[in-house]
Structure formats: structure tokens, C-alpha cells
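**Student:** Predicted model and sequence follow; I will ask about them next.
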Amino acid sequence: MKDKRLLITGGAGFIGSHVVRLFVNKYPEYQIYNLDKLTYAGNLENIADIQDAGNYEFIKGDIVDRSTVSTVFKDLNIDHVIHLAAESHVDRSIEDPMAFIETNIIGTMNLLDAARESWNADDGHLFYHVSTDEVYGSLGKDDKFLESTPYDPQSPYSASKASSDHLVRAYHNTYGLSVVISNCSNNYGSHQFPEKLIPLAINNIKNQQKIPIYGKGENIRDWLFVEDHAEAIDTIFHNGQKGETYNVGGNNEWTNIGLIQLLCSIMDTKLGRKDGESAELISFVKDRAGHDLRYAIDSSKLQSQLGWNPSLKFEEGLEKTVDWYLANDEWMSGVTSGSYKKYYEKQYGASE
Ligand code: NAD
Ligand code: DAU
């Protein structure tokens with residue numbers, strides 16, 4: 001890669017903030033632009049520690065707005081893109097799919113078009129799309145998602161991400177755009193918006209509120225510490241083969257109920273509660289519509305070809321995560337005030 005004027009989209013969100021922090025600190029010679037609309041999920045406090053870095057600039061903007069995207073490319077001479085901006089929550093996609101179609105599909109198209117118009121195909125540029133394992137659909141008991149697994153998205157969210165992956169590949173095949181895609185499993189760690197299972201449960205346990213578990217809690221997810229995902233993105237951005245896809249996962253499958261029981265026991269210790277006290281808050285609620293049963297990632301391609309490996313054991317990462325949320329009350333109060341209260345009540349009923 002020659003010049004490194006790098007556009008990261010969605011850098012005020014959960015994963016994006018970890019990626020922006022890693023790149024700004026690790027690569028002082030790169031100029032990093034963070035383009036983010038600051039939706040309910042975007043929060044500049046997530047990256048307050050690097051906001052004054054000399055190699056970093058924040059741009060508030062909507063990727064659905066074609067002229068914003070094309071102006072950013074032209075004015076800033078963008079060389080490479082790491083695209084994370086998205087509507088990311090499955091439950092919200094069931095309630096209101098249109099925002100997912102707009103941001104995840106049209107927004108990605110706008111970025112691809114701007115890249116195509118600005119770059120010569122053979123000029124060492126890269127368009128990196130950060131995607132999800134949910135595009136592969138749901139697994140049975142034993143198999144795992146490979147890069148060759150056929151797409152079978154089940155929710156409006158995963159259908160929109162599948163669509164954007166297809167567009168990225170189409171721009172590679174049709175226009176010769178240099179692209180790479182990674183499909184990652186469930187992330188956990190600091191700064192995750194508490195609509196997602198782990199921070200929602202941590203917050204409810206702390207506040208002695210019920211922990212809503214969909215269905216029987218038997219659905220399985222493969223959890224990866226977010227900083228390990230950021231490292232994988234760094235590895236793939238620098239060493240990934242153009243036109244390739246890499247699966248990223250933690251080799252760390254948990255049923256939702258097993259995970260919540262582990263979390264309750266960590267929280268009992270941290271909060272000085274008697275063993276089993278937090279688990280009494282577990283409450284089985286109506287299942288998610290079209291709830292995928294199991295995700296599990298085979299990331300051996302990334303491990304064997306590019307040498308990436310997850311660094312943390314789940315118990316260790318989960319404890320670190322709990323410590324962060326318990327030490328950051330103000331962050332949690334900030335993001336759970338305002339529109340989140342309405343969302344929570346609509347989704348789960350009024351909290352007790
Ligand atoms: P998030 O919801 O925490 O953050 C999304 C960010 O995108 C926010 O800062 C938001 O303001 C911004 N954004 C949304 N719409 C925008 C628009 N129209 N224009 C500009 N910015 C906009 O999401 P996340 O969990 O950090 O996920 C980031 C990416 O990684 C997504 O593409 C998601 O599909 C993918 N992913 C997430 C996970 C996971 O477990 N969270 C796993 C695999 C892949
Ligand atoms: O697999 C990668 C995906 O992981 C990402 O692409 C998505 O952006 C990200 O949101 C995540 O999707 P999930 O739907 O798996 O994550 P969520 O935290 O919403 O739910 C995890 C599991 O917990 C899932 O089986 C649904 C269940 N759940 C979730 C919530 C919010 C509950 O049982 N109760 C809840 O209140």
C-alpha cells in the first residue's frame with residue numbers, strides 16, 4: 001500500500017471505536033478519518049481518548065447521503081476504506097427494516113461508487129467491508145461456517161448485510177475494485193450499546209432487574225473479545241489477499257443461558273452478592289421472530305494464512321468486560337437515557 005489516508009466508517013460505534021483507537025495509536029503515520037452519523041448507537045465518548053490525536057479527524061455525516069460520501073472522497077483524497085457503519089441490531093431490524101436497507105445497502109453502494117470513481121483499479125487502494133457471520137444463516141448441531149458456506153440470511157439485518165457483501169464482491173468482479181471482506185461472530189467488550197445481550201444483562205443484574213432470555217435460552221453464539229476482532233481487522237487490512245473473504249471467530253460457543261449463568265456468577269462475586277443471587281433475575285420471555293439457533297465460525301483460513309489468533313479466554317474477557325461496565329456508570333446512564341428507555345419498554349415492557 002502506498003499512501004495511507006484511511007476512511008473508517010462507523011468509528012463512534014462499538015467495534016468501530018476499538019478499530020479507530022487501534023489504528024490511530026499504532027499507525028501515527030496514517031491519517032485516519034472517522035465518518036459517522038452518530039445515530040443512537042454512535043457516541044463520541046467511545047473515542048474521547050484519541051479525539052485530539054494529530055493523525056485523526058472526526059466527520060459527522062450520513063453514508064446514505066451520496067453527496068456527503070462523494071465530497072469526503074474528493075476533498076480528503078481517501079486511499080483506503082474500512083467500512084463498519086451499519087444498523088446492527090437484529091431486533092430493531094424486525095421492527096423497522098427500512099433503516100437497515102438504507103444504511104447497510106444504499107450506504108455501502110454510495111461508498112463503493114465513490115471509491116470506484118476516485119480510484120484507479122491498479123493503484124494499491126483497498127475497500128474493506130466488515131461483515132457478519134449472520135449472512136450464512138443458522139447451523140445445526142455440529143457443523144461450522146466456512147468462507148464457502150452458501151449465504152442464507154434469515155433476518156432483515158442479515159439480509160441487508162448479505163446484500164452489501166454481494167455488492168462489494170460485484171464491484172470487485174465487475175469494476176476491478178480492490179476489496180476484502182471479513183465475516184465475524186458475536187463481539188463482546190467495552191462500549192457496546194446495551195440493546196445487545198451482554199451489556200443489557202450486566203446493566204440489569206447491577207440494577208436488580210430481570211434478565212430477559214428469549215425462548216428457552218438454548219440458542220448458541222460464538223463470542224469473540226472486541227479487541228481481538230480489531231486485531232483481526234488490522235491483520236486482514238494489511239495482509240489479506242484482494243478479493244478474498246476471511247471468517248473471524250472465537251471458537252467459543254455458549255448457549256445464551258450458559259453464558260448468562262456464568263455472567264451472573266461473575267457479577268455475584270464483583271457485587272459481593274451471595275452465590276446464585278443474580279441468577280434469580282433470569283426471566284424467560286417471548287422468543288425473537290426467526291431466531292437463528294446456532295452460529296459457529298471456522299476461522300482456520302485467517303489463522304493459518306495470516307497468523308491471527310484470539311488472545312483472551314472467554315472467562316477472562318467477560319470479567320474484564322464486567323469490570324469496565326461497573327467502572328463506567330456515567331457512560332451507561334448516558335446511553336440508557338433518552339430514546340433508549342422507550343425502546344426498552346417497547347421491547348421488554350416497563351422495567352421493575
Ligand atoms: P454499532 O451499532 O455499535 O455501531 C454502528 C455505528 O455506525 C454507529 O457509530 C452509528 O452511528 C454508525 N452509523 C449507523 N448508520 C450510519 C449512517 N447512515 N452513516 C454513518 N454512520 C452510521 O455496531 P457494531 O456492533 O460496532 O458493528 C459494526 C459493524 O460490524 C457493523 O457493520 C456490523 O454489521 C458488523 N459486525 C458486528 C458484530 C457484533 O457482534 N457487534 C459482529 C460482526 C460484524
Ligand atoms: O453474529 C454476529 C452478530 O452478533 C452481529 O452481526 C450483530 O450486529 C450483533 O448484534 C450480534 O447479533 P445477535 O442477534 O446474535 O446479538 P444479540 O446480543 O442481540 O443477541 C445474542 C443472543 O442473545 C441471541 O441469541 C438473542 C439472545 N437475546 C438477546 C437479547 C438482546 C436474548 O435472549 N435476550 C435479549 O434481551
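**Tutor:** Yep, it's here. Ligands and ions are numbered 1, 2, ... in the order given.
**Student:** isn't residue 59 right up against residue 32?
**Tutor:** No - checked against C-beta atoms under 8 Å, the pair residue 59 and residue 32 is beyond contact range at 10.9 Å. Where you see a C-beta, it was placed from the backbone N, CA and C, and this is true even at glycine.
**Student:** Give me the more crowded residue out of those two.
**Tutor:** residue 32 (24 against 16; other C-beta atoms under 10 Å).
**Student:** For the lengthiest helix in the chain, output the C-alpha coordinates as PDB.
**Tutor:** Looking across the chain with DSSP state H, the single longest helix is helix 156-175. Only the C-alpha atoms of helix 156-175 are listed here, as PDB (Å, rounded to 0.1, in the frame of the first residue of the first chain):
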ATOM      1  CA  PRO A 156     -33.800  -8.200   7.700                       C
ATOM      2  CA  TYR A 157     -30.500  -7.200   9.300                       C
ATOM      3  CA  SER A 158     -28.600 -10.200   8.000                       C
ATOM      4  CA  ALA A 159     -30.300  -9.900   4.600                       C
ATOM      5  CA  SER A 160     -29.100  -6.300   4.400                       C
ATOM      6  CA  LYS A 161     -25.500  -7.400   5.300                       C
ATOM      7  CA  ALA A 162     -25.600 -10.200   2.800                       C
ATOM      8  CA  SER A 163     -26.800  -7.800   0.200                       C
ATOM      9  CA  SER A 164     -23.900  -5.400   0.900                       C
ATOM     10  CA  ASP A 165     -21.400  -8.300   0.800                       C
ATOM     11  CA  HIS A 166     -22.700  -9.300  -2.600                       C
ATOM     12  CA  LEU A 167     -22.400  -5.700  -3.800                       C
ATOM     13  CA  VAL A 168     -18.800  -5.500  -2.600                       C
ATOM     14  CA  ARG A 169     -17.900  -8.700  -4.500                       C
ATOM     15  CA  ALA A 170     -19.800  -7.500  -7.600                       C
ATOM     16  CA  TYR A 171     -17.700  -4.300  -7.600                       C
ATOM     17  CA  HIS A 172     -14.600  -6.400  -7.400                       C
ATOM     18  CA  ASN A 173     -15.700  -8.700 -10.200                       C
ATOM     19  CA  THR A 174     -17.200  -6.100 -12.500                       C
ATOM     20  CA  TYR A 175     -15.000  -3.000 -12.000                       C
END
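**Student:** does ligand 1 sit close to the helix or strand just after it?
**Tutor:** Downstream of helix 156-175, the first helix or strand assigned by DSSP states H and E is strand 179-184. Yes - applying C-beta under 6 Å from any ligand atom, one finds strand 179-184 in contact with ligand 1 at residue 184.
**Student:** Give me the angle between strand 179-184 and helix 156-175.
**Tutor:** Interaxial angle, strand 179-184 versus helix 156-175 (axes from the mean of the first three to the mean of the last three C-alpha atoms, to 10 degrees): 160 degrees.
**Student:** roughly how far out does strand 179-184 sit from the chain middle?
**Tutor:** Chain-centre distance of strand 179-184: 12 Å, with C-alpha atoms, centre = their mean, to the nearest Å.
**Student:** Please name the strands paired to that strand in the sheet, noting orientation.
**Tutor:** strand 126-132 (parallel), strand 245-248 (parallel) (DSSP bridges).
**Student:** Can you give me the neighbour number for whatever residue of the chain ends up closest to ligand 2?
**Tutor:** Relative to ligand 2, the nearest point of the chain is residue 132 (3.1 Å; C-beta to the nearest ligand atom). By other C-beta under 10 Å, 23 other residues sit near residue 132.
**Student:** Kindly report the same for residue 96.
**Tutor:** 10.
**Student:** And it, how close does it get to ligand 1?
**Tutor:** The gap separating residue 96 from ligand 1 is 13 Å, by C-beta to the nearest ligand atom, to the nearest Å.
**Student:** so what pLDDT did that residue get?
**Tutor:** Note on residue 96: pLDDT of 96.
**Student:** quick one: it from residue 214, how far?
**Tutor:** According to C-beta to C-beta, to the nearest Å, residue 96 stands 19 Å off from residue 214.
**Student:** now do residue 92
**Tutor:** Residue 92 is 15 Å from residue 214, by C-beta to C-beta.
**Student:** coming back round to it: these two touch, right, the residue of the chain closest to ligand 2 and residue 161?
**Tutor:** Yes - Residue 132 lies in contact with residue 161 (C-beta under 8 Å); the separation is 5.1 Å.
**Student:** Domains in the protein, by residue range?
**Tutor:** Using automatic domain parsing, the domains assigned to the chain come out as 5-187+224-248, 194-221+254-288+313-346.
**Student:** Go through those domains and pick out the most buried.
**Tutor:** domain 5-187+224-248 (a mean of 20; mean count of other C-beta atoms under 10 Å).
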